[in-house]
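Return atomic coordinates for the entry below.
(chains A and B)
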Protein chains: 2
Amino acid sequence: MIEVIAFDGDDTLWHTESVFELTQARFREMLSPWCSPEDIDRELLAHEIANLEVFGYGIKGFTLSMIETAIELSGGRVGADTIREIIEAGKAMVAHPVELLDEVEDTIEVLRADHRLLIVTKGDLFDQESKVARSGLADLFDGVEIVSEKDEGTYRRILKEHRVEPEHFLMVGNSVRSDVLPVLSVGGHAAHVPYRVTWAHELVETPAEVAGLFHVLSSIAEVPALVRELSVRS
Amino acid sequence: MIEVIAFDGDDTLWHTESVFELTQARFREMLSPWCSPEDIDRELLAHEIANLEVFGYGIKGFTLSMIETAIELSGGRVGADTIREIIEAGKAMVAHPVELLDEVEDTIEVLRADHRLLIVTKGDLFDQESKVARSGLADLFDGVEIVSEKDEGTYRRILKEHRVEPEHFLMVGNSVRSDVLPVLSVGGHAAHVPYRVTWAHELVETPAEVAGLFHVLSSIAEVPALVRELSVRS
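Next comes the predicted model:
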């Protein structure tokens, strides 16, 4: 029996990567006098990953990474106007409306009748709180956990805090790295609902030994059927 | 009887504002070709406060505010080298060693024998988690709450989560605005331990009607005596 179902936020409940994509397209335009789109993407990703250790996930770190990339790829010739435009692009990302993925609301309504529901989302506290609030979903969930990293320790803490055994816990998310592998490691169930695009840093090869141990769904709307199936099996 | 004692982090358990001060002094140097120190401080504070609504508290937002200020005060003439230097200054702040205030460790050791202890700190999740970890204090506390804003709702949630009635709760911190007023509003006890400097945004006039309702201490080392006094009185 599944008692608690936890959902990732970004690109599982609401669109996020598409906002980053739009900004990155604008950033490529800004740097087009100096560099090819491919070089820009590669250099930006390198800065983003290097900065994760210093700044963590989120829009502010992404914005600072764009500024560093612009300075580097222009050989220091990028103008203050472009830097200002990059910061404005970062602010526009923060202010971007939160758009739910298809079928999210109906699915959550169905599931909450018989299960405790959580949001477990990774990233910047301020940004994620704002997105949860603007999503209009907060009241439908029994708890919201905003974490800086989704690893085994994080999931163990959440299971303990919400008093649920791993075999009664299902995590649903778009990242195999963050939403699936650490959940399987602590003995929980996991459903992978891929998003249209995945940030390069979240891409992992699925280890062969776990390939059959989690569930791949094409939409969040398939979660209720999965929950019924897991209940019959156990 | 006080059951739970919560401590603010920045400038209550460990030095923070002094790191901002050092960076701001460096920033004044960088902009000295364009502007007086007074104008720099005033313009930076204006950007910081305007950006709180977009970026929240913390080093990343501060760094972006410095960049905006540099572009504005230089009339767009600031060079990429200076922008890079500002970002490096931000990274250096993140990496700055966490230095405890005097008497913190001894006081915590004394208090934890008879009380549940919490850290309630405001700011960037990633940055605050890192500071808690590097402070070496985490194991001495029963819980760590990192929040985006310290208002009445935040304290109500924390009291509920830790199952303590307001009259058995004491908050200790350096900010009247964040650590005292909202705690009094929900019916708890509060002790103000001023730090050497207070960020302008945290400065408030203490309303006359609450002036006698909280305790002003000159050092965290005075907390155990206050706790004894509160227990005798009740």
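
contacts, neighbours, all on C-alpha from now
Noted.

Hmm, residue A:151 is touching residue A:180, no?
No: using Cα atoms under 8 Å, residue A:151 makes no contact with residue A:180, being 10.0 Å away.

Compare neighbour counts for these two and give me the winner.
A direct count of neighbours by other Cα atoms under 10 Å in any protein chain shown for residue A:151 and residue A:180 places residue A:180 higher, at 27 against 18.

Distance check, the more buried one against residue A:36.
Distance from residue A:180 to residue A:36, counting by Cα to Cα, to the nearest Å: 35 Å.

Can you check the pLDDT for the residue of chain A positioned farthest from its centre?
For chain A, the largest distance from the centre (Cα atoms, centre = their mean) belongs to residue A:77, which lies 34.2 Å off. Model confidence at residue A:77, given as pLDDT, is 95.

Now the phi/psi pair for it, please.
Residue A:77 adopts backbone torsions of phi -100, psi 0, taken as degrees, to the nearest 10.

Can you name the residues of chain A that neighbour chain B?
Within chain A, the positions near chain B by Cα under 8 Å from any Cα of the partner chain are A:54-56, A:60-61, A:64, A:68, A:71, A:76-81, A:84, A:87, A:91, A:94-95, A:124-127, A:147-148.

Now, those that are in strands?
Secondary structure assignment by DSSP state E places residue A:147 of the residues of chain A next to chain B in strands.

Please pick the buried ones from the residues of chain A next to chain B.
Among these, the ones that count as buried by 16 or more other Cα atoms under 10 Å in any protein chain shown are A:54-56, A:60-61, A:64, A:68, A:71, A:76, A:78-80, A:84, A:87, A:91, A:94, A:124-127, A:147-148.

what does stretch A:76-95 rub up against?
Residues from elsewhere that reach stretch A:76-95, judged by Cα atoms under 8 Å, 6 or more residues apart in numbering or on different chains: A:19-20, A:23, A:27, A:30, A:59-60, A:62-63, A:66-67, A:70-71, A:127, B:54-55, B:64, B:68, B:71, B:76-81.

residues of the lengthiest helix in chain A that come out buried?
Secondary structure assigned by DSSP state H gives helix A:37-55 as the longest helix of chain A. The neighbour-count check on helix A:37-55 (16+ other Cα under 10 Å) flags A:37, A:40, A:43, A:44, A:45, A:47, A:48, A:49, A:51, A:54, A:55 as buried.

now, the most widely separated pair of those?
Longest distance between any two of the buried residues of helix A:37-55 is 25.9 Å, between A:37 and A:54; criterion Cα to Cα.

neighbours around the closest residue to residue A:141 other than its chain neighbours, how many?
Nearest non-adjacent residue to residue A:141, counting by Cα to Cα, 6 or more residues apart in numbering or on different chains: residue A:117, 5.1 Å away. Using other Cα under 10 Å, residue A:117 has 21 neighbouring residues.
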